[in-house]
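In: need a structure here:
(chains A and B)
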Amino acid sequence: MSKSPEVKLVNVPSPNFVPEKDADKPLVLEAAHLGIDFGGLVAVDEFNIGIGATEICGLIGPNGAGKTTIFNLLTKVYEPTRGTIMLGGKDTHNMTPVQVNQMGIARTFQNIRLFDKLSVEENVKIGLHNHIGYHTLSGVFRLPSYWKEEKKSHERALELLDIFGMADLANVTADSLPYGAQRRLEIVRALATGPKLLLLDEPAAGMNPSETEELMNNIRKIRDEFQIAVLLIEHDMNLVMGICESIVVLNFGRIIAKGTPSQIQGNPQVIEAYLGTHRG
Amino acid sequence: MNMIKNASSASKKAFLNYGIVIVFFIVFQTLVSTGNITSALKGQLIPIVCYMIMAVSLNLVVGISGELSLGHAGFMSVGAFTAVIVSSAMGDAANPAKLVVSMIVGAGVAAIAGFLIGIPVLRLNGDYLAIVTLAFGEIIKNILNCLYVGIDEKGVHFAFNNPDALGMNPLGKVVINGPMGAVGISKIATFPAAVILLMIILIVIQNLVNSRTGRAIMAIRDNRIAAESMGLSPMKYKMLAFTVSASMAGAAGAVYALNYSTLVPKKFDFNTSILVLVFVVLGGIGNMTGSLIAAGVLVVLPELLRKFSDYRMLVYAIVLILVMLVTNNEKLKGRIDTFFKKFRMNIAKGGRKK
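Out: As a prediction, this is how the structure comes out:
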């Protein structure tokens, strides 16, 4: 299994840290004291995270720990009850999911949410939507800008699909793809929106070990090529330990540990959260 | 030709629809000019085209945008009565210009009505649009029942509930007379004009659907949350589809109204809205070809069933049920598909032999 060399983490304004290479660049995302209550239930509390410009960060924790809730908070599907989210130095208070996407967050979903009846290429083109520069009326009257921009977006879509070797599937409807390919298509579609931070919710779920291996290489390739940050939720520890530069561990809505993969692997609290306490 | 060959399946479907409309026009225009058509069917030609426009425009909302609208006839009546007022106010302007202006103003006013309804409703998820458009259709019908409009040399006069309040001079002409509806309309709509409108509307809808905007509308229909996370504003695109659809219904209403000498508001009631919805559902949701054919056949069907006299609507209902059963039958569909595949292969083989 290909493994990234362990990186040294450096402190940025406490209590966050980023890999050394990103230390002098501004943070992509900074969340402070983030929390949300559903009725009386505190789902997430005191969540602090800082993500460096080209960092791959893992968010792990047992089922029900609140990982996906955090994704929903960061993308504004939920408005947080407490705390702030700074995106590229801007507060996202009261913003909509549409606005935060335009500011540079794109995500995939744990339960795949593709546009089922549209083709693979159309799915990617929808991701490209805000980068296709023609007006509705140019589309209706088929003005030159329509043909020019459609051609450009067609080429761009194939280029993006090619990252995962899916260019030959462009005309297949999304719901007829196998499960693993659907997950990959979601990543391509998210990437098409031109994000600075990519949120991946269990990208390797349902993939076999060789597919997972390929996915790891691709995530790294995407990061290097596009120079973006990645925050991923994943239960596959090979993947998390293999590509993440830093890891945040969540349990019962709170952070219980942060650090490099090797720090996390040896952390007794993390082991306890995953395996339970040793009794008797 | 090369362009058509390289076109995607979506644009092939679009060309099929243009072909259907052109064939439909040529066939009936020949029948009319050679006099081989019953006067009953001849009188139905323009309404058929109007209902086709209604069906494809409602399909934009129901099929492409995925919202249910139960008040499409309401927009039709807005367009219809606006067109009557405009065409009367234009007096004796030359005909094509008068028809075109009436249609455009009718479509515009219907679009405004659609826009105003959309603002509060399309923010919400769920079936609220169905409820509100249902109410809109009824409200518009009742408003038009109380509306009096007259025209004299000073201009257009409006009154509500009381015809005496029009305050016209005795030479003025009442155009819309409350529950009696529009009276003394000049019948300026023609079959070719209606078909041209249908063609324009088909082109607009199909070009819209196969563009960046259409993809956004369908993305929001398929998965609202994912579409939002891709940076698409659901409100904006639902609004666009709904307003465009309302304006098209308005244009259809304009042509429809200018084909009759009198027109009552009751014509555009809930039943008409449901009738148009039946065209859409029967033709296949999101399928423009189906909408065209269903509208054409179902408008003519009651006429053709006249010989069943009292049992007419019963037979009509049975036909509807049978069509639904057949078109939703997977087995039958598979057989038809394989038949067409064989058919095509035979043609291809025949072509090679030559």
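In: Quick one: neighbours of the residue in chain A positioned nearest to chain B, just the number.
Out: Nearest to chain B, among the residues of chain A, is residue A:139, at 3.0 Å (CB to the nearest CB). C-beta coordinates here come from the backbone N, C-alpha and C atoms, glycine included. If you count neighbours by other CB atoms under 10 Å in any protein chain shown, residue A:139 ends up with 23.
In: quick check, it in a helix?
Out: Yes - counting by DSSP: H, G, I helix; E, B strand; the rest coil, residue A:139 is located in a helix.
In: Can you tell me the closest non-neighbouring residue to it?
Out: The shortest distance from residue A:139 to any non-neighbouring residue, by CB to CB, 6 or more residues apart in numbering or on different chains, is to residue B:211 (3.0 Å).
In: shouldn't that neighbour be in contact with residue A:145?
Out: No - here residue B:211 lies out of contact with residue A:145, judged by CB atoms under 8 Å, at a distance of 11.1 Å.
In: Now for the two: what residues contact both?
Out: Counting by CB atoms under 8 Å, 6 or more residues apart in numbering or on different chains, the shared contacts of residue B:211 and residue A:145 are residue A:134.
In: Could you check how far residue B:147 is from residue B:186?
Out: Per CB to CB, to the nearest Å, residue B:147 is found 20 Å from residue B:186.
In: Tell me which of the two has more neighbours.
Out: The neighbour count for residue B:147 versus residue B:186, taken as other CB under 10 Å, is higher for residue B:147 (20 against 16).
In: got the contact list for the nearest residue to the more buried one once chain neighbours are set aside?
Out: Closest residue to residue B:147 apart from its sequence neighbours, by CB to CB, 6+ apart: residue B:176 at 5.7 Å. Shown in contact with residue B:176 (CB under 8 Å, 6+ apart): B:81, B:84-85, B:144, B:147-149, B:182-183.
In: please redo it, this time with the cut-off set to 7 Å
Out: The contact partners of residue B:176, taken as CB atoms under 7 Å, 6 or more residues apart in numbering or on different chains, are B:81, B:84-85, B:147-149, B:182.
In: can you tell me which two in those are farthest apart?
Out: For those, the maximum inter-member distance is 12.8 Å, found between B:84 and B:148 (CB to CB).
In: Which pLDDT does the model give whichever residue of the stretch 151-300 of chain B sits closest to chain A?
Out: Using CB to the nearest CB, the closest approach of the stretch 151-300 of chain B to chain A is made by residue B:211 at 3.0 Å. Model confidence at residue B:211, given as pLDDT, is 94.
In: swap in residue A:14?
Out: For residue A:14, pLDDT reads 59.
In: I'd guessed residue A:28 sits against residue A:230; true?
Out: No - between residue A:28 and residue A:230 there is no contact under CB atoms under 7 Å: 9.9 Å.
In: Residue B:84 and residue B:148: which is more packed in?
Out: Taking neighbours as other CB under 10 Å, residue B:84 and residue B:148 compare with residue B:84 leading, 28 against 21.
In: follow-up on the earlier one: quick one: which of residue B:211 and residue A:145 has more around it?
Out: residue B:211 (23 against 14).
In: Quick check: the gap between residue B:106 and chain A.
Out: 20 Å (CB to the nearest CB, to the nearest Å).
In: All the strands of the stretch 151-280 of chain A, in order from the start?
Out: Remark: strands assigned in the stretch 151-280 of chain A by DSSP state E, counting those that start in this stretch are A:197-201, A:229-233, A:246-251, A:254-259.
In: Who does the first one pair with, and is each partner parallel or antiparallel?
Out: Yep, that's strand A:197-201 we're talking about. Strand A:197-201 has its sheet partners listed here by DSSP bridges as strand A:105-107 (parallel), strand A:229-233 (parallel).
In: Export those as JSON lines, with columns for mean pLDDT and distance to residue A:36.
Out: As requested, the strands paired with strand A:197-201 are exported to JSON lines (pLDDT from 0 to 100; distance: least, CB to CB, whole Å):
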{"stretch": "strand A:105-107", "mean pLDDT": "95", "distance to residue A:36": "17"}
{"stretch": "strand A:229-233", "mean pLDDT": "95", "distance to residue A:36": "17"}
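In: Fine by me, we can end here.
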